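1. show me how the following folds:
(2 chains)
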Number of protein chains: 2
Amino acid sequence: MKLATLKNGRRDGQLVVVSKDLSHAVTVGDIAVTMQQALDDWATVAPQLELVSQQLNLGQRSDAIDFDQNACLSPLPRAYQWVDGSAYVNHVELVRKARGAEMPESFWTDPLVYQGGSDAFLAPRQDIEMGSTDWGVDFESEVAIITDDVPMGCNAEQGLEHIKLLMLVNDVSLRNLIPAELAKGFGFYQSKPSSAFSPVAVTPDELGDDWRDGKVHLPLITHLNGELFGRPNAGVDMTFDFPTLVEHAAKTRPLASGCIIGSGTVSNYDRSAGSSCLAELRMLEIIADGKPSTPFMQYGDIVKIEMVASDQSIFGSIEQTLIHYTGS
Amino acid sequence: MKLATLKNGRRDGQLVVVSKDLSHAVTVGDIAVTMQQALDDWATVAPQLELVSQQLNLGQRSDAIDFDQNACLSPLPRAYQWVDGSAYVNHVELVRKARGAEMPESFWTDPLVYQGGSDAFLAPRQDIEMGSTDWGVDFESEVAIITDDVPMGCNAEQGLEHIKLLMLVNDVSLRNLIPAELAKGFGFYQSKPSSAFSPVAVTPDELGDDWRDGKVHLPLITHLNGELFGRPNAGVDMTFDFPTLVEHAAKTRPLASGCIIGSGTVSNYDRSAGSSCLAELRMLEIIADGKPSTPFMQYGDIVKIEMVASDQSIFGSIEQTLIHYTGS
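-> Alright, predicted model coming up:
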């Protein structure tokens, strides 16, 4: 089934079940008012939502409304945990290569993750407001999962069962703030502003055989200002599958329902597939030409992120314009 | 006023107003069911809670119940953001000195913070369950604030107005996992398991003159297995006050209501005050003797963290025993 959160003037919005073709939706306030509420009681709630989904897709819901992606908040407008992996290790290797640094061998066996801010996600079609383009504003196109409650010490095999929903992410990054911030030793903070998620989150079964081995085997398509920027396959060169990321995240603490885990920038060794962030393209330019020729995002730039199967958008599309923040 | 969250079998517990002497409480479900709900609508809700608080402290609430700190969850049992500073820079300097490293001069002017996990906080009297003492389990006694909605770009002066509640934290840390994790470059994740907060959160006015300059000017008292471990003054040697931490956190993104910001381990140059974590004591031992003589926490060890004014515990006490986690 497919789920979304519509704007309703409240912080957590209104949970809706969305039709497979993203044309219609049904509000389900009698089952769960918000996405978090559904996830908090998933075992009970999911079958009820599934029934609505079946009826909706059979055209049997007279209460169906037109579904408008522009009316969506992120599926979880705010979350209790957002942890982002860097599972496409070839991307990390490339970034290091561009600055002439060796990548530790352990990066191939020990997942790299960072704890992200999760209290104020952007809506999928919301402008990215930023105080300065000098900060090096970049998008990162990624796949993410949402879990139910995961006990501490959960292994990957068990972790697979805790993956309840899939969605896409734009993990907005401020590239020029990263070097100084990481040099301080405590990881990202100011260099990772609010992320945005796809309008729709889907249960893994919606992907059929494209969800296997804990990975999504489909191209992740990014357009910048209307031109194709990249379409690397999210199932290729993903060194750590999602269940392994769940295991890593749960090693020393439990994960609570609604925990979002990201894949990191999707990236293939086959560079003809293009990239999922400007930084990667710039690294390739540095390796080829000694310097980057593509700038980071400028005000007015529009990034679009989606995934398509059988000509049907699965998650709807993230579409965001960078604009100048001048105060609230 | 003083607020707490009682266990009621639900994830977010039951908000109560607590008397100044921590003896009684009143449930306020007609005003706000949970702490997050109160914070989401603080401007409207706070005056109503304040009225209950006044009545309770005058003995005018016939619905008052006995207040039991053991029945508390953390004031926010789960939160949308937990960002922890390292505002007592002398502590950072000491850690570096013990390993023979220079601390960058910028650490005195640019706050160091990390994004913590916030989906599964421990209760104030809950055991710390950990899979291995080889991980180097340590406590960190800290002060924390809770904000309402803070706009992106908020400065420190404005930030002061957004500080709505104060509480204490035990920022549990796994010292032996930290070096390898920080070496990966993305900050803490596995090395920072679930934190616990004091039973009670208080509005700044409860501290009177002890809350000034954006700092809490009282000793933070830590006992380990019943013996005084440290009582450094939280208002002394705090290089970055809380409003400055708010400004830092809000530079590139807004902070949403219920954002928790920690001070980092409270530490004074006057070492006779003792320490707020085992790591600091071990660093002092390394500097004095070439090696540490105090071990990290062992199973059965009990840490107690509190703050007292006029012989009255302000926040109640965090009291946690380290036990062996053997699976859920």
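2. taking the mean pLDDT, what do you get for the helix or strand encompassing residue A:245?
-> For residue A:245, the host element (DSSP states H and E) is helix A:242-249. Across helix A:242-249, the average pLDDT comes to 98.
3. swap in stretch A:146-155?
-> Averaging pLDDT along stretch A:146-155 gives 98.
4. before we move on, what about stretch A:65-80?
-> For stretch A:65-80, the mean per-residue pLDDT is 98.
5. need the residues of the stretch 51-200 of chain A near chain B, please.
-> Selection of the stretch 51-200 of chain A residues close to chain B by Cβ under 8 Å from any Cβ of the partner chain yields A:78-81, A:83, A:86, A:104, A:107, A:110, A:112-120, A:129-131, A:135, A:151-153, A:174, A:177, A:182-191, A:193-194. For the C-beta atoms, the positions are set from N, CA and C on the backbone; glycine is no exception.
6. drop anything exposed from these.
-> A:78-81, A:83, A:86, A:107, A:112-120, A:129-131, A:135, A:152-153, A:174, A:177, A:182, A:184-191, A:193-194 (16 or more other Cβ atoms under 10 Å in any protein chain shown).
7. for chain A, longest helix please?
-> helix A:42-57 (DSSP state H).
8. can you list contacts of that one?
-> A:1-3, A:17-20, A:24-26, A:28, A:31-32, A:37-38, A:61, A:64, A:148, A:164, A:203, A:257 (Cβ atoms under 8 Å, 6 or more residues apart in numbering or on different chains).
9. right, and the helix or strand after it?
-> strand A:65-66.
10. just for chain A, where's the confidence low?
-> Flagging of chain A using pLDDT under 70 yields the residue ranges A:328.
11. show me which positions of stretch A:293-307 end up buried.
-> A:296-297, A:301, A:303-307.
12. what's the end-to-end length of it?
-> Terminal residues of stretch A:293-307 lie 28 Å apart, using Cα to Cα, to the nearest Å.
13. try stretch A:305-312
-> Start-to-end, stretch A:305-312 (Cα to Cα) is 14 Å.
14. so which residues of chain A form helices?
-> Ranges of helices within chain A are A:35-40, A:42-57, A:89-98, A:156-161, A:178-183, A:242-249, A:278-289, based on DSSP H.
15. domains of chain A?
-> Domain segmentation of chain A under the TED database yields A:2-67, A:77-324.
16. can you pull the contacts of the closest residue to chain B within chain A?
-> Using Cβ to the nearest Cβ, the single residue of chain A nearest to chain B is residue A:187, 1.8 Å away. Neighbouring residues of residue A:187 by Cβ under 8 Å, 6+ apart: A:114-115, A:181, B:114-115, B:185-188.
17. tell me the one of those residues nearest residue B:236?
-> residue B:114 (23.1 Å; Cβ to Cβ).
18. I figured the closest one hits residue A:188, correct?
-> No. Residue B:114 lies out of contact with residue A:188 (Cβ atoms under 8 Å); the separation is 9.1 Å.
19. run through the strands of the stretch 1-150 of chain A in chain order.
-> With strands called from DSSP state E, counting those that start in this stretch, the stretch 1-150 of chain A shows them at A:2-6, A:14-18, A:24-27, A:65-66, A:72-73, A:82-85, A:113-116, A:128-130, A:137-138, A:141-147.
20. in the longest helix of chain A, what's buried?
-> Applying 16+ other Cβ under 10 Å to helix A:42-57 flags A:42, A:45-46, A:49, A:52-53, A:55-57 as buried.
21. output that helix as CSV - backbone C-alpha positions only.
-> Presented in CSV, the C-alpha positions along helix A:42-57 are these (Å, rounded to 0.1, in the frame of the first residue of the first chain):
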residue,chain,number,x,y,z
TRP,A,42,1.7,-0.9,13.1
ALA,A,43,0.8,-4.5,13.7
THR,A,44,-2.8,-3.5,14.4
VAL,A,45,-3.2,-0.6,12.1
ALA,A,46,-1.4,-1.8,9.0
PRO,A,47,-4.0,-4.5,8.1
GLN,A,48,-6.8,-1.9,8.4
LEU,A,49,-5.0,0.5,6.2
GLU,A,50,-4.3,-2.4,3.7
LEU,A,51,-8.0,-3.0,3.5
VAL,A,52,-8.7,0.6,2.6
SER,A,53,-5.9,0.4,0.0
GLN,A,54,-7.4,-2.6,-1.7
GLN,A,55,-10.8,-1.0,-1.8
LEU,A,56,-9.3,2.3,-3.1
ASN,A,57,-7.5,0.5,-5.9
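22. that one vs strand A:2-6, what angle?
-> Counting by axes from the mean of the first three to the mean of the last three Cα atoms, to 10 degrees, helix A:42-57 points 90 degrees away from the direction of strand A:2-6.
23. next, the angle strand A:14-18 makes with helix A:42-57.
-> Going by the same axes, to 10 degrees, helix A:42-57 makes 50 degrees with strand A:14-18.
24. what angle do strand A:141-147 and helix A:42-57 make with each other?
-> Using the same axes, to 10 degrees: helix A:42-57 against strand A:141-147 is 120 degrees.
25. centre of the chain to helix A:42-57, how far?
-> Here the centre of helix A:42-57 is set off from its chain's centre by 23 Å, with Cα atoms, centre = their mean, to the nearest Å.
26. equivalent analysis for stretch A:145-152, please.
-> So, by Cα atoms, centre = their mean, the centroid of stretch A:145-152 is 16 Å from its chain's centroid.
27. then stretch A:37-50?
-> Using Cα atoms, centre = their mean, the mean C-alpha position of stretch A:37-50 is found 22 Å from that of the whole chain.
28. cool, and stretch A:81-91?
-> Relative to where its chain is centred, stretch A:81-91 has its mean C-alpha point 10 Å off (Cα atoms, centre = their mean).
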